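In: Just need the structure, nothing else, for what follows:
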Amino acid sequence: MTPQVRGVTQSDAAAIASLSTQLGYSSAGPQAAARLEALKDHPDIRALVVEQDGQVIGFIGLMVFAAFHRDGLHGYITALVVDEKRR
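Out: Modelled structure (predicted):
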């Protein structure tokens with residue numbers, strides 16, 4: 001099945017914790033759930049997951065901001081990981 005990109009949901013917390021741990025940022029499901037809850041309504045932060053065959057296999061965190069040195073909005077990728085089994 002083709003991978004699908006979608007917005008993150010609270011039900012993705014355990015997968016995001018596992019993916020974050022693969023990057024060396026030890027995390028547990030409840031921690032990830034609390035972070036998702038704290039950031040869910042932030043106007044400048046978005047998170048997306050990649051899902052294939054019913055499993056989350058990747059995650060990206062994005063932040064938009066205005067800069068002092070340039071006009072317009074800019075973006076940062078704050079987190080990016082693909083499951084080690086799928087790299």
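In: Which positions in stretch 63-79 come out as buried?
Out: By 16 or more other C-beta atoms under 10 Å, the buried positions in stretch 63-79 come out as Met63, Ala79. (Each C-beta comes from the backbone N, C-alpha and C, glycine too.)
In: how about Leu36, phi and psi?
Out: phi -60, psi -40 (degrees, to the nearest 10).
In: And for Val81?
Out: Dihedral angles (degrees, to the nearest 10) for Val81: phi -150, psi 140.
In: Which pLDDT value belongs to the residue nearest to it when sequence neighbours are not counted?
Out: Closest residue to Val81 apart from its sequence neighbours, by C-beta to C-beta, 6 or more residues apart in numbering: Leu19 at 4.6 Å. On the pLDDT scale, Leu19 is placed at 97.
In: Check for me that Leu19 belongs to a strand.
Out: No. Counting by DSSP: H, G, I helix; E, B strand; the rest coil, Leu19 falls outside a strand, being helix.
In: Correct me if wrong: it contacts Ile60.
Out: No. If you go by C-beta atoms under 8 Å, Leu19 and Ile60 don't touch, sitting 10.2 Å apart.
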